[in-house]
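1. following is a predicted model, sequence given first.
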Amino acid sequence: MPTLADLAAGLVAAVHTLFAVVEVAFPRAIRIPGVADLSSPEGAQAIPVARNAGVYNAFLAVALWAAVLLPDAPPAVRTYLLGCAAVAGAVGGLTLKWTVFVIQAVPALVALGLWLGR
C-alpha cells in the first residue's frame, strides 16, 4: 500500500513528466509572461534550450518513478532526487518567476519532508 510519502513523490515525478513532455514535444506552448514566449519569433531561438531542459526533466522523472515504484530502490536515491527537484525549483523561482518555486520546489520539499519523517 502506497504511503503519503510515496504519493507525494509520485506527484513530483508526474509534474516532471509533464515538464519533460511540454519542453521536448511542445516547446512553443511555453509562455512565461515577462520572461519567455517561445511561440514568438524571438523566443523560438530558445527552443533548443527548452528541449534540453526537457531531457533533464525526463531523466529526473524516470529516476523518481523508479525510486517510488521499485521496492528495492535505496532510500538515499529518493532523498537525493527530491532534493534535486527542490533545488531546481528554487533556482527557477529566483531566475525565471516565483511561481516556478511554488509549482516545482514546494511539492518536492513537502515530499522530502514526508519521506524523511516517515
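-> Nice, I can see it. Numbers count the residues shown, from 1 in each chain.
2. please name the nearest non-neighbouring residue to the spatially most central residue of the chain.
-> With distances taken as C-alpha atoms, centre = their mean, H16 lies nearest the centre of the chain, 3.6 Å away. Leaving out its chain neighbours, the residue that sits closest to H16 by C-beta to C-beta, 6 or more residues apart in numbering is A61, at 3.9 Å. In this view, the C-beta of every residue, glycine as well, is placed from N, C-alpha and C.
3. the helices in the chain, which residues?
-> 4-25, 47-69, 75-95, 98-100, 106-116 (DSSP state H).
4. can you add distance to L38 and mean pLDDT and give these back as JSON lines?
-> Shown next, in JSON lines, are the helices of the chain (distance: least, C-beta to C-beta, whole Å; pLDDT from 0 to 100):
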{"stretch": "helix 4-25", "distance to L38": "9", "mean pLDDT": "94"}
{"stretch": "helix 47-69", "distance to L38": "6", "mean pLDDT": "93"}
{"stretch": "helix 75-95", "distance to L38": "16", "mean pLDDT": "95"}
{"stretch": "helix 98-100", "distance to L38": "15", "mean pLDDT": "91"}
{"stretch": "helix 106-116", "distance to L38": "24", "mean pLDDT": "96"}
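5. now those helices as TSV including distance to R31?
-> Output for those, formatted as TSV (distance: least, C-beta to C-beta, whole Å):
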stretch	distance to R31
helix 4-25	11
helix 47-69	11
helix 75-95	15
helix 98-100	12
helix 106-116	21
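6. tell me which residue of the chain is furthest from the middle?
-> P41 (26.6 Å).
7. find me the pLDDT at it, would you?
-> With respect to pLDDT, P41 scores 81.
8. phi and psi next, for it.
-> Dihedral angles of P41 (phi, psi; degrees, to the nearest 10) stand at phi -60, psi -40.
9. quick one: contacts for the residue nearest to H16?
-> Contact analysis of A61 by C-beta atoms under 8 Å, 6 or more residues apart in numbering lists 13-14, 16-17, 19-20.
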